[in-house]
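Undergrad: got a predicted structure plus its sequence, pasted below:
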Amino acid sequence: MKNLTAAFLSLATAASASCVGSKIPTTSSTAVAAQPTTVSSSNVTNPSNSSASSSFAKTNGVLFDIDGVSEYFAGTNCYWCGFLTENGDVDLVFSDIAASGMKIVRVWGFNDVNTKPTDGTVWYQYLSAEGSEINTGVDGLGRLDYVVQAAEANGLKLIINFVNNWSDYGGIAAYSSAFGGDATTWYTNLVAQNQYQAYIEAVVSRYSESTAVFAWELANEPRCDGCDVSVIYNWAANTSAYIKSLDSNHMVTMGDEGFGPLDGDDGSYPYTTSAGGYTWRSNMNITTLDFATLHLYPDSWGQDYSWGTPWVELHGAACAAEGKPCLLEEYGGNNNCTIENPWQDAALATDGIAADMFWQYGDTLPSSGSQTSDDGNTVYYKQGNWDCMVADHITDIKAANAA
């Protein structure tokens, strides 16, 4: 989602990191020595999966294989799951998601600050030119540990990403506040990239053996406005190769919105490289990215809702031609069912689209009796438009998989 109003959890964030690059994408290492990084100690036991029926998720042609089953899957986004402070809340949320028939859950694997908050507030990484700190304690990655454990217990698979393009929960803006630059130079800022990779290593090393991880994701909606397309291409190639060097068990994806030209497109703004500063179709050539992502927000992009169906179909066709799965990773429209059901139907019917995940899931937390954040696209468990957005879609997916 473009911008989150962090209404669910208030955290300190900061300001924002110019673009360089050749016309022809090339790769080069970005990891260099920088300021010291402290990794704090943790009292939480790291997750490890012991279920004999679970296995590492992988691709199978243009489908995903989860625990030995290759078919179309449904999922959702729960960015806030790793920020819950009560284990019982996590248990309830994941139990409800699993009961619905959804399989893949995308959570924020980042939570960056430039000022350390008070005790009891969740934060994962403190960024500072004088010395950064990765918080693995009970109010840090210990919370993400429990999310992974709960996913394992409920048979769910997690997409875990490492940084936000937007300033919510820190993101690139927090790196830029600490190390200089702005949202475009971040991709080539060696000090910032060194810290980014240090954080990636800290997270990946915790869960490299967990079958609850579906995939590692480079960023939420990376963009490089005004940049040559080689900037994001090189960053994605370098970073995904680095993750693969740390962990050969899990898939890696980019987390982008799907911008750039496609065969048969209508020439509208989202089909230009200006929209994100990259060419989505070319990025599929990166061998260390296992599958492609796309998002869908016509309201934000100045398009009609009906425009969304060909957006899904054209991306699916490109993925089918490449032999890689496409994941419709985020989609949202204010009148969920009448607007979004056609997108769901198109995704399910389109060769190359392997799964879809609506933005966003909502539930009622047992610790407080209150609902999780509502940004206008939230679908609450067994409330409101749940049946037409989730239950009916799951029924259609089961029928299509059985056919």
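TA: Cool, got the structure. Numbering: from 1, shown residues only.

Undergrad: what kind of secondary structure is the closest residue to F56 other than its chain neighbours in?
TA: Closest residue in space to F56, ignoring its immediate chain neighbours: N249 at 4.9 Å, by CB to CB, 6 or more residues apart in numbering. Where C-beta positions appear, they are placed from N, C-alpha and C, glycine not excepted. Here N249 takes the coil state, with states given by DSSP: H, G, I helix; E, B strand; the rest coil.

Undergrad: correct me if wrong: N249 contacts S205.
TA: No - assessed by CB atoms under 8 Å, N249 is found out of contact with S205, at 12.0 Å.

Undergrad: which one's more surrounded, the two?
TA: More crowded of N249 and S205, by other CB atoms under 10 Å: N249, with 17 against 13.

Undergrad: contacting residues for the more buried one?
TA: Contact analysis of N249 by CB atoms under 8 Å, 6 or more residues apart in numbering lists 56, 208-209.

Undergrad: run through who's touching stretch 63-70.
TA: Counting by CB under 8 Å, 6+ apart, 53-55, 57-61, 71-73, 103, 155, 157, 211, 214, 291, 325, 354-355 sit against stretch 63-70.

Undergrad: where's L296 relative to W186, distance?
TA: In this view, L296 and W186 are 25 Å apart by CB to CB, to the nearest Å.

Undergrad: I meant N285, not that one.
TA: On the measure of CB to CB, N285 and W186 end up 23 Å apart.

Undergrad: the strands in the stretch 101-250 of the chain, which residues?
TA: 104-108, 112-113, 125-126, 132-134, 157-161, 213-217 (DSSP state E, counting those that start in this stretch).

Undergrad: how about those, which one is nearest G308?
TA: Of all those, strand 104-108 sits nearest to G308, with 19.3 Å by CB to CB.

Undergrad: pLDDT averaged over that closest one, what's the number?
TA: Strand 104-108 shows a mean pLDDT of 98.

Undergrad: and the angle for that strand with strand 157-161?
TA: Using axes from the mean of the first three to the mean of the last three CA atoms, to 10 degrees, one finds that strand 104-108 and strand 157-161 are set 30 degrees apart in direction.

Undergrad: strand 104-108 packs against which elements?
TA: Packed against strand 104-108 by the contact rule (3 or more CB pairs under 8 Å, 6 or more residues apart in numbering; DSSP states H and E) you find strand 73-77, helix 141-154, strand 157-161, strand 353-358.

Undergrad: buried ones in it?
TA: Neighbour-count burial for strand 104-108 flags 104-108 (criterion: 16 or more other CB atoms under 10 Å).

Undergrad: OK, contacts around the nearest residue to S100 once chain neighbours are set aside?
TA: In space, not counting the residues next to it along the chain, S100 is nearest to V390; the distance is 5.8 Å by CB to CB, 6+ apart. The contact partners of V390, taken as CB under 8 Å, 6+ apart, are 74, 100, 102, 358, 379.

Undergrad: just those now: which is nearest W386?
TA: Nearest member of these to W386, counting by CB to CB, is V379, at 6.0 Å.

Undergrad: which non-adjacent residue is nearest the closest one?
TA: Per CB to CB, 6+ apart, closest to V379 is M389, 4.9 Å.

Undergrad: G302 now?
TA: Y269 (6.6 Å).

Undergrad: then C81?
TA: V107 (4.7 Å).

Undergrad: gap between N401 and Y297?
TA: Taking CB to CB, one finds N401 at 28 Å from Y297.

Undergrad: and those two? Which one has more around it.
TA: A count of neighbours by other CB under 10 Å puts Y297 above the other of N401 and Y297, at 19 against 13.
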